Structures are given as structure tokens and as C-alpha cells.
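A.B. asks: how would this look folded up:
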Amino acid sequence: MPKNLVIVESPAKAKTIQRYLGKDYEVKSSFGHIRDLPKKGMGVDLSTFTPQYEVSADKKKIVTELKAAVKKADKVWLASDEDREGEAIAWHLAQELKLKKENTKRIVFHEITKSAILSALEHPRDINENLVNAQQARRVLDRIVGFEISPVLWKKVKAGLSAGRVQSVAVRLIVEREQEIRAFRPNVAFKVEGVFLTRHSQEIYAKLKKDFSTEEEAEKFLSSAKDIAFLVLDVEKKPGFRSASAPFTTSTLQQEASGKLGYSVTHTMRIAQRLYEEGYITYMRTDSVNLSQDAIEAAKKFIVDTYGENYSKPRNYTTKSASAQEAHEAIRPTNFSVSFVPDAAMDKLYQLILKRTLASQMENAKIEKTVVEIGSPHLAHSFQAQGEVIVFNGFLKVYGVTQGGGEVKDEKSLPKVKQGEELKYKNIIATEKYTKPSSRYTEAGLVKKLEELGIGRPSTYAPTIQTIQNRAYVDKREIVPLEREIVELRLENSQIHKGIIVEKYGGDKNKFVPTDIGEIVNDFLTRNFQEVLDYGFTAKVEQEFDDIALGTEKWKGVLKNFYTEFHPKIEEVEEHASRATGERFLGKDPKTGKQVYARIGRYGPMIQIGSQDDEEKPRYASLLPGQNVSTINLEEALALFKIPFSLSDYKGKSISVGVGRFGPYVKYGDVFIPLPKGEDPFSVDQGRAENIIEEKLESDIPIAVYKGEPVTKGTGRFGPFIKYRNLYISVSKKYDFENLTPNDIEGLIEAKLEKEAHRYIMQWEKEKISIENGRWGPFVRYGKKMYKIPKTALGEKYDAEALKNVSVDEVKQWISEQDPTIFKKRKKKTVATKTSPKKK
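C.D. replies: Next up, the predicted model:
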């Protein structure tokens, strides 16, 4: 029987460590925290700031198993991660399992390798109370902020909203960037570029060193250059170098994986966690760029053996952040001789980490930059051409990657020319250019900004970004570009030609845009809780957590100082702040004279004509995708009331165009056909509607027959599908959707039917209630909503057989406990006037 019990927080980590330890060790997982603040209620005694921890229902069985294992062991080793969260997990284990101090040791390691594990066992320590208290301070302060501000939002904005110390600041960054973009007014200038020919007809691309503010100035310059003999005024060659970046921290890994691999922050951390737990890389939550001496020596040996002595340049990097505390080393491979990881997704990230670490220990790349000035004594301004040649590639040999993810290559090398040499112009083009606003944040860009401001830590970036999306305060919807005409003046063969080019601008994909509700919540919080959302204040709180971790601050003292100022503000706002609806007065409807507002309604952003006090009920219209309460104008708002409109009948059925909860559509008879993404419903005429209908009819033609029933296919909100009877069956990317074989179709249908056969444990169709098997176990469905199944009176989970004996009244009780108002009768409201379809 094993005499030693090692407890880690992850089963994958446990599996890897068990391989390295002998039969005297048993390695078990706690599956993360075994206890936490309660899900309901504050869970903190605000008179003493003492947290009231509890073991969650899903962890009771794990705690029971761990207690049994502790009784059998002579010594317990707590081996959770080395950051504050890991230290807190170890502390909670010691408290809940009632571990004796003399029989309990804390061990930490930066990598899961045999040597690191054995070394950790030889150098155990006690639990670091300062690190634990820093984690407790963060957890309690964030609970206080969330639990005290959120109810204020329910009363003053909308039910169901939430606020958080770091998430609200992240939303503020995104909202302020969007406001900056809206307020931006571009400057216009004419930029001039030319292509010049040497006597050997070699081309040189050059830019004029002067921009012109008007078309007249640009044209005047081109006119003066018509018959000019251009000369090489100067040739300058400069040696230079490029140096490698430091090894990865958490945030730089997230940024580079986003730019190079297109990974989201959450996806990056999920894969990095697996690489760490399976022993491929060091700990992945760190803000240190330091490498151990052993790692530097191992990298040097690999570089010298693989590329040669002249490529090696061992060095160490200094962490800029004074608060770097999560770990003591950068993210790096545990073994440089491991050239690949069998899992494809893991290998992509591993290659990035391997190459970045090697590059950081390699010689600088040497370059030669050439600058050629081209002009004439008769011209007021000259052109400049630049070229760059890599003389020695150095670190670029393994990591030729720029910050944006592109490969580093030679810039266009210039043909050899000498001062005074005559050149001819092939063409000179002056193009109207508009300045651009700051870019919207990508996930990686937001992480970078949070890090620059000192907000959050490596362990909090990914959860913060996930939370603000889950709360629907921001999203990554596509921004459809606008078009504008720009002027181009082209000088060629002594003739100036003017052309008009259509340029697209303002479009964006996969970048954060605030939602209407996100903007309203941010506006309310910044007006009423300015200090909590202040960037400097949030960074100051992070510094106080760091001081607690160092033992220079008392954690409950920090919380008391914060709460003394924070709570009175809550009471003041709750009593005196006005309600926020995001309502904007747009003007008056010219037809009725009634006031027109943009605001947030029960089902989202909408336009309202009239008020509840009018004799006639108000009329409402939903905003279209891409429209915003903060920016829509009166003309755009009134246009929404032209929807729905009717077109002529087609093949004996009526046609209308409208907008519903899921966006614009064409209605053909009783069938709703969604418009393609980005298509303006106002642009749909009779011909376009008929095309959309024909495409739908064609897609509804059966592609196969299964057991005498037709099978059709289509593409919906969630991707391609086939339809059999009333079942919609998703078709994954492993299938060729355009060329599905009979075997493919049969396999998809049979798999779905088998799944459906095991879906329901109990079903009450009349009440629209069912108990179903889900991915994570049984659950209750009422209508479209899902609810948890509580434990039995004995505190155990229901099994499928027991659930078959549950009555519908019991299930209703479960639902009511989670949503007390769900079965209460609502008073019938007078139906608001809806615009009837008009003929277009």
C-alpha cells in the first residue's frame, strides 16, 4: 500500500506525475478547488471580512475519497500549481481534509518532468500563507464588488445584469475605443508614389517626402514633373540589426498565438494547459521572461549542434513588470530535443514556444539598409526609396515571425545606382488618402492593453475576456464596410489622367464591439462608480494584492479600507441615481408629430414612436443587425417602420420582407427564409425575393430518401444540416457537404435517431416539460430553457431509474426553485400597434 499521497488539481497532471513516481506514491486529483464561496448569497462576513467557504455539492464525493486516501497515507504532498490560485487550492485541501502539519508538505515545480518532481520532493516547504491571503483578498473583494453593484444594475438598468471589478474595466476599454472611432473625423491628403527606371530598365519604387492637402496642389506638382529629368540625389547605406524577442510570458503567448495561429485567448490557454500537464512545457501562467541557467545551457547546446557556433548567443532577459509573481520562469519547452507533439493542435502551439525560446538564445540578424533619394533641382520636393537586405539571418533562421504573424523577409532590394545617375519616371501617382481611427481591440490587443495598465494578472486575462462575451456586453459581430470615392491622379507619358476609385472602409471582423446593453451598463457605472472603474484604481488594487503576497500588507486591512469607501457609494447610488434605459430622443415623426426614441426593450434594441401617455399605443420596430442605439438617426429609425412590406404574389403565394428576432427575412407563404448575412432588407425587390425563394425551393428538393421519407439539406444559423422528418441533423466539417454520399446520409440519420432514442428519460408534452439526458448528465427542459436537477433528500444524485418515478409536479417545483416567477400568471398587456405590411 502506498505510504505517500500526492494531491494535484488536475487528473491529466496526476496521470503524468504518477508515471514518474514509484509504487510508494499514490497521485490523486482534487479537480480544482474543493471549496469556495457559496454560489448564493454574499458568503462573506462583512464585519470581519471572513469568507464563509463551503464544499460544493459536486465536490463532496471527491472530498470523501480524498479523506479516505489521507487516512491510509503516512505523508501527504500538496502539489498544486505554484501561483496564488494553486497555493490557495493547497491551503483549502489542508483545511478541509484536516491535514496534520507534521505529516503534510507543500511542493512546487515549474515543469512536470521526472527530475523536477524528484527535486521538488527533496525540497518541500510549508504552505505560503501570504500567497493564500493574496488569493483570498482578490476572491473576497471581487465577490463584494459583484454582489453589491449587480443588484443596483438590476434596479437601475435591467434585471439579470452583473458587474465585476476587472470585467467592467475591460468593457470600458472597448466602449471608449468605439466612442473614439465614432467621434473620429478623418483628415484627407494626397500621397504621391512613383516608379522610376534606371538606364537598364530596372524599376525603383519611391515615395514623395511631402503630402499635399488638396487635389490642386497634387496636380500642380505632377504638372511640374511632366518633363523633368530625374537624378539620383543621394545613396546611403546603413548597417543594422534585429534582435529576438524575449521568451513567452502568458500575455505575449496569447498575443502571438492570436496573430500567428488565429487562436482565441481561451483556446491558447486550454492547449497550453495540456502541454504543461503532459510535460512538454513549463508552467504557462507567468509574467516572467527569465530562463533558468539549465535551460540556457540546454538551448545553447541544441543551437550549436543544429545551426553552428556562430548562431548561438546565450542571454537572459529582465522582467519589466515589478509585480511579476506568478512563476519564476518564462514559458519554454522542458526538453529542446522534442521536435514535435503528436497532437496536431498542441503541436502548433508547441512549435511557437520552442522556436521563440530558441530564437531568444540566438545571434542578432544583421541587415544592410539602403536609402536612395530621387529628385531634381527644378522640383521643390524629392522622392525616397528604401531597400533592405538580410546579411546574416541569425535568430530569423528559426523564428522569422513578426508581431503580426507574417514571415520576416528581405524588403525589396534596390538596383545598384550611384549619385548623379539619371532616371526616367515610368509613372507618378497621387492618390487621395484618408487617415484612419484607432483599431478596435482583438482579444490579444485587449490582453496587451490590460497588461500595460497593470490590470489583471496572467491567470485572469482569459476568464475576463470570456466573461464579458458571456454577459453579452461585447461581441465580435462583423462590421460591414462602407464605400467612398477617392481621386487618383496618374502622370504617365507626360499626360495627367484623373480617375475615381471606390474604396471600402470601416469594416471589421473578429474584433470587439460593445453591444447596446454593454454601452448602457458602462455609461451607468462610469457615471456612478467612477473610482471602481478607474484604470489607476484597478491597477492600485492589483499592486495591493502583490503587497499582500509579499507579506507587506494585511489582507483584511486592504478589504476594510476598500469597503469603508465603497459601501456608502452603493447606498447613495441605490437611493439617488436615475434609471438608465439608454433612451435617445431622435426627433419627431413628421407624419404624426409624435416623439421618436431609440432604447433597449425587452427583446433588445428598438425604436419607439409615441409614449404610453398617448391615446394610441406606441409603435415599435427592432433595429437591424449592425445598427446601434447610440448612433442611429431619425431617418434610419423611421425607415424601420416601412418593414414589413409586401411584394407581389409568386406562384400563388404571398411574399413579404421583414425583420425578426434572428434578423431580416423573406416570408413566402408561411415559410420564413433568412436573408444572407449583411444583406439590407430594404434592398430586396420582387426579383431578388424570387431568387431567394427559388434558392430555398431548390435546397428543399430531397437529396435522398430514407425509409420512404425525403431527406433535404440546407444551411442555417449554426451551419450546414440535413433534415429528416422534423429532425435537423448538423453536418460536421469531416463531411463534404456538397457531395454527401448515401452512406454519409444514412450514417448521420441513424446516429441522430439513436441519440434521440436515449434523449428523454421522462416527457410531459402538454406541459412542455421533459427530463433529458445531457452531455454532463440528466437535466430538466421547460420550453427552450434548461434547469438543473437537485440532489435527493440523502444528498445524492438521481439516477435514471429514480427519475422515471418523478412526477411533473415535483419537476415544476425544481423549476420554481431556480426561477420563482416562471409559473406565475402575467397580466395581459394591451398589444402594441404593429405596422401592417405595405405594398412596395
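
A.B. asks: rest of the way, CA atoms for contacts and neighbours
C.D. replies: Will do.

A.B. asks: For the chain, which residues score under the pLDDT cut-off?
C.D. replies: Applying pLDDT under 70 to the chain flags residues 1-2, 320-327, 401-412, 717, 775, 795, 824-840.

A.B. asks: quick one, strands of the stretch 201-350 of the chain?
C.D. replies: Counting by DSSP state E, counting those that start in this stretch, the stretch 201-350 of the chain has these strands, from start to end: 203-208, 230-242.

A.B. asks: would you turn these into TSV with mean neighbour count?
C.D. replies: TSV is the format used below for the strands of the stretch 201-350 of the chain (neighbours: other C-alpha atoms under 10 Å):
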stretch	mean neighbour count
strand 203-208	20
strand 230-242	16
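
A.B. asks: Out of the ones you listed, which gets nearest to residue 600?
C.D. replies: strand 203-208 (49.9 Å; C-alpha to C-alpha).

A.B. asks: Now do that closest one: distance to the chain's middle.
C.D. replies: Centroid displacement of strand 203-208 relative to its chain, using C-alpha atoms, centre = their mean, to the nearest Å, is 40 Å.

A.B. asks: Could you spell out the sheet neighbours of it, each with its direction?
C.D. replies: According to DSSP bridges, strand 203-208 forms sheet pairs with strand 188-197 (antiparallel), strand 383-392 (antiparallel).

A.B. asks: Turn those strands into JSON lines, including distance to residue 823 and mean neighbour count.
C.D. replies: Listed next are these as JSON lines, based on distance: least, C-alpha to C-alpha, whole Å; neighbours: other C-alpha atoms under 10 Å:
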{"stretch": "strand 188-197", "distance to residue 823": "61", "mean neighbour count": "20"}
{"stretch": "strand 383-392", "distance to residue 823": "72", "mean neighbour count": "19"}
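
A.B. asks: In JSON lines: the strands of the stretch 201-350 of the chain, plus distance to residue 505.
C.D. replies: Conversion of these to JSON lines gives the following (distance: least, C-alpha to C-alpha, whole Å):
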{"stretch": "strand 203-208", "distance to residue 505": "23"}
{"stretch": "strand 230-242", "distance to residue 505": "33"}
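
A.B. asks: so which of these gets nearest residue 73?
C.D. replies: Of all the strands of the stretch 201-350 of the chain, strand 230-242 comes closest under C-alpha to C-alpha, at 56.0 Å.

A.B. asks: so that closest one versus strand 188-197, what angle?
C.D. replies: When axes from the mean of the first three to the mean of the last three C-alpha atoms, to 10 degrees is applied, the directions of strand 230-242 and strand 188-197 differ by 100 degrees.

A.B. asks: Kindly export strand 230-242 (C-alpha atoms) in CSV.
C.D. replies: Extracted in CSV, the C-alpha atoms of strand 230-242 (Å, rounded to 0.1, in the frame of the first residue of the first chain):
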residue,chain,number,x,y,z
PHE,A,230,15.1,62.9,-62.5
LEU,A,231,18.5,62.3,-60.8
VAL,A,232,19.8,60.2,-58.0
LEU,A,233,20.5,62.9,-55.5
ASP,A,234,22.0,60.7,-52.8
VAL,A,235,22.7,57.0,-51.9
GLU,A,236,23.1,56.0,-48.3
LYS,A,237,23.9,52.5,-46.9
LYS,A,238,23.5,51.8,-43.2
PRO,A,239,24.3,48.6,-41.3
GLY,A,240,21.7,47.5,-38.8
PHE,A,241,20.4,44.5,-36.8
ARG,A,242,17.3,42.9,-35.5
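
A.B. asks: List the neighbouring strands of it plus their orientation.
C.D. replies: Paired neighbours of strand 230-242 in the sheet (DSSP bridges): strand 365-375 (antiparallel), strand 422-434 (antiparallel).

A.B. asks: Go ahead and measure how far the helix or strand harbouring residue 755 is from the middle of the chain.
C.D. replies: Using DSSP states H and E, residue 755 maps to helix 742-757. In terms of C-alpha atoms, centre = their mean, the gap separating the centre of helix 742-757 from the centre of its chain is 34 Å.

A.B. asks: can you map out the strands along the stretch 651-800 of the chain?
C.D. replies: 653-660, 663-668, 671-674, 704-706, 709-716, 719-724, 727-730, 760-764, 769-774, 777-782, 785-787.

A.B. asks: can you list contacts of the helix holding residue 755?
C.D. replies: With C-alpha atoms under 8 Å, 6 or more residues apart in numbering as the test, helix 742-757 has contacts from 704, 706, 724, 729, 731, 735.

A.B. asks: Specify which member of these is nearest to residue 293.
C.D. replies: Out of the contacts of helix 742-757, the member with the shortest distance to residue 293 (by C-alpha to C-alpha) is residue 735, at 49.7 Å.

A.B. asks: what residues are up against the closest one?
C.D. replies: Residues in contact with residue 735 (C-alpha under 8 Å, 6+ apart) are residue 744.

A.B. asks: Distance of it relative to residue 744?
C.D. replies: For residue 735, the distance to residue 744 equals 8 Å [C-alpha to C-alpha, to the nearest Å].

A.B. asks: still on that earlier bit, mind checking the strands paired with strand 230-242 for the one nearest to residue 251?
C.D. replies: Closest approach to residue 251 among the strands paired with strand 230-242 is made by strand 365-375 (25.1 Å; C-alpha to C-alpha).

A.B. asks: who touches that closest one?
C.D. replies: Residues from elsewhere that reach strand 365-375 (C-alpha under 8 Å, 6+ apart): 230-243, 381-396, 414.

A.B. asks: same thing with stretch 354-362?
C.D. replies: By C-alpha under 8 Å, 6+ apart, the surrounding residues in contact with stretch 354-362 are 244-248, 296, 299-300, 303, 311-315, 332-333, 336, 394-396, 398-399.

A.B. asks: now do stretch 145-154
C.D. replies: Outside stretch 145-154, the residues that touch it by C-alpha under 8 Å, 6+ apart are 41-42, 159-165, 521, 570, 573-574.

A.B. asks: Stretch 253-266 too?
C.D. replies: Contacts with stretch 253-266, where a contact means C-alpha under 8 Å, 6+ apart, come from 268-269, 348-349, 352-353, 403-406, 443-445, 447-448, 461-463, 465-466.

A.B. asks: Which of the residues you listed fall within helices?
C.D. replies: Applying DSSP state H to the contacts of stretch 253-266, the entries found in helices are 268-269, 348-349, 352-353, 443-445, 447-448, 461-463, 465-466.

A.B. asks: follow-up on the earlier one: of the strands of the stretch 201-350 of the chain, which is nearest residue 660?
C.D. replies: The minimum distance between residue 660 and the strands of the stretch 201-350 of the chain falls on strand 203-208, with 51.1 Å, by C-alpha to C-alpha.

A.B. asks: With just CA atoms, put the closest one into CSV.
C.D. replies: This file holds the C-alpha atoms of strand 203-208, laid out as CSV (Å, rounded to 0.1, in the frame of the first residue of the first chain):
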residue,chain,number,x,y,z
GLU,A,203,12.4,49.6,-61.6
ILE,A,204,12.7,51.6,-58.3
TYR,A,205,9.6,52.3,-56.2
ALA,A,206,9.8,55.5,-54.3
LYS,A,207,7.5,57.8,-52.2
LEU,A,208,7.4,61.6,-52.2
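
A.B. asks: Residues touching it, excluding its own?
C.D. replies: Counting by C-alpha under 8 Å, 6+ apart, 191-198, 381-386, 414-415 sit against strand 203-208.

A.B. asks: can you pull the buried residues of stretch 117-131?
C.D. replies: Within stretch 117-131, the residues scored as buried using 16 or more other C-alpha atoms under 10 Å are 117, 120, 121, 124, 127, 128, 129, 130, 131.

A.B. asks: if we can go back for a sec, so which of the strands paired with strand 230-242 gets nearest residue 505?
C.D. replies: Taking the strands paired with strand 230-242 one by one with C-alpha to C-alpha, strand 422-434 is closest: 9.6 Å.
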